[in-house]
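Engineer: 3D, please:
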Amino acid sequence: MDPTELIGPPSPLGYPAPYWFLVTFKVLGFTLHMGPMHLWFAGILVAMILARWGSLEAHRWSVRLNIYVTGLKDSIELTRFKRAAGWVSAILFIVVGFLFSNGFTLMTNLRVWPTLWQNTSVAGAPLGIALNTSDPTLLPRWLMMFGLALTTVAAYTVFDAGVFAARESVQYRAWAAGFALKLSTIGLIWFAVMGSWYAFGTWPADAREQMFSMPLMILTGLTALGPGLPWLLILLQRRQITRTLATLTGLAQFGVLGLNAVSRQIVQNIELSKFLDVTAEPVNLQLSPLIVFLVLFVAGLGVVAWMIEKVLQAERQVTIG
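Structural biologist: Modelled structure (predicted):
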């Protein structure tokens with residue numbers, strides 16, 4: 001069977017907007033999505049480890065992560081049931097991350113589609129249980145994203161301590177600075193090792209050739225070296241976290257996630273180009289839904305800014321009180 005026969009036909013309506021517009025918001029949306037998802041993907045596991053073997057300040061960090069907002073709202077001590085629920089959540093988020101990586105790698109691995117479809121379908125209906133475990137890119141890509149998630153948790157730790165944690169003690173901020181540096185270092189090394197395995201050991205020859213040739217080589221280099229900038233900013237705050245540097249750390253990490261999203265999109269297009277040119281679909285511009293989308297998008301950003309301001313106001317009121 002020709003794998004391209006399993007690709008859905010192009011829509012006769014065409015794209016509702018130019019490809020550059022669609023992919024820009026796809027990459028932006030994925031970058032915004034990665035931030036909180038990384039806190040759950042790697043953060044819950046780290047929080048559970050610290051809750052079991054960490055110090056009092058480590059327990060306080062777990063409270064501040066958005067994870068135990070229900071279980072620890074009145075106390076930093078976990079009951080046996082809540083501790084079990086935390087471990088189950090940590091494991092499930094890691095599994096979900098694996099399934100996401102499985103789906104993303106399967107999307108471009110068209111050659112295995114016929115076999116997987118035949119082995120995991122009933123009367124031609126797919127069961128949705130196909131796992132792309134034979135793909136050499138799956139494991140390093142999943143592990144690379146976990147390393148990147150560790151750096152996100154570290155950057156958020158500094159950002160939270162410098163911007164939101166006005167009510168916390170000096171001891172907590174000092175602990176957060178040291179912990180963030182350690183976690184960022186581990187994540188940086190993890191990301192470098194797994195990213196090298198992913199790029200040099202599993203990328204198809206055409207993808208590797210294009211991503212390591214000009215001008216895409218600049219993007220590849222920035223993506224690989226990007227996590228070093230938040231690490232340097234965290235290093236500068238190893239003794240004292242400041243609001244300015246903490247804000248820069250958060251922005252730098254957001255940029256790192258954006259670079260990864262852009263690089264992944266380009267590699268995905270290269271892999272799909274053997275079977276489908278996603279940039280060549282006809283465009284049938286639909287202005288009305290685009291205007292509604294942009295208005296709602298700006299309104300959503302306004303709501304996020306309003307929520308952040310409310311958090312800052314609450315912290316200032318607690319500190320004054």
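Engineer: going forward, measure contacts and count neighbours with C-alpha atoms only.
Structural biologist: OK.
Engineer: Leu229 contacts Ala252, correct?
Structural biologist: Yes: under the criterion of CA atoms under 8 Å, Leu229 makes contact with Ala252 at 6.8 Å.
Engineer: neighbour count for these two, which is higher?
Structural biologist: A count of neighbours by other CA atoms under 10 Å puts Ala252 above the other of Leu229 and Ala252, at 20 against 16.
Engineer: and the helix or strand hosting that one, what does it pack against?
Structural biologist: Take DSSP states H and E as the rule and Ala252 turns out to sit in helix 243-272. Helices and strands touching helix 243-272, by 3 or more CA pairs under 8 Å, 6 or more residues apart in numbering; DSSP states H and E, are helix 19-41, helix 80-108, helix 138-159, helix 205-211, helix 216-225, helix 228-236.
Engineer: what about stretch 271-279, start to end distance?
Structural biologist: Stretch 271-279 has an end-to-end distance of 13 Å (criterion: CA to CA, to the nearest Å).
Engineer: just to revisit the earlier point, out of the helices and strands packed on helix 243-272, nearest to Ala51?
Structural biologist: Closest approach to Ala51 among the helices and strands packed on helix 243-272 is made by helix 80-108 (8.5 Å; CA to CA).
Engineer: the closest one to helix 138-159, inter-axis angle?
Structural biologist: Computed by axes from the mean of the first three to the mean of the last three CA atoms, to 10 degrees, the angle separating helix 80-108 from helix 138-159 equals 130 degrees.
Engineer: out of the helices and strands packed on helix 243-272, which comes closest to Phe275?
Structural biologist: So among the helices and strands packed on helix 243-272, helix 80-108 is nearest, using CA to CA, at 9.2 Å.
Engineer: in the closest one, what counts as buried?
Structural biologist: By 16 or more other CA atoms under 10 Å, the buried positions in helix 80-108 come out as 83, 86-87, 89-91, 93-94, 97-99, 101-103, 105-106, 108.
Engineer: state the next helix or strand along the chain beyond it.
Structural biologist: That would be, after helix 80-108 and using DSSP H and E, helix 113-119.
Engineer: after that next one, heading C-terminal, what element do we hit next?
Structural biologist: strand 121-122.
Engineer: now what about that following strand, what contacts it?
Structural biologist: Leu127 (CA atoms under 8 Å, 6 or more residues apart in numbering).
Engineer: in this structure, which helix or strand is least confident?
Structural biologist: Sorting the helices and strands of the chain by mean pLDDT, DSSP states H and E puts strand 125-126 at the bottom, at a mean of 77.
Engineer: from the chain's centroid, how far away is that strand?
Structural biologist: A distance of 30 Å separates the centroid of the chain from that of strand 125-126, by CA atoms, centre = their mean, to the nearest Å.
Engineer: swap in stretch 19-28?
Structural biologist: That offset, for stretch 19-28, works out to 17 Å (CA atoms, centre = their mean).
Engineer: no further questions, thank you.
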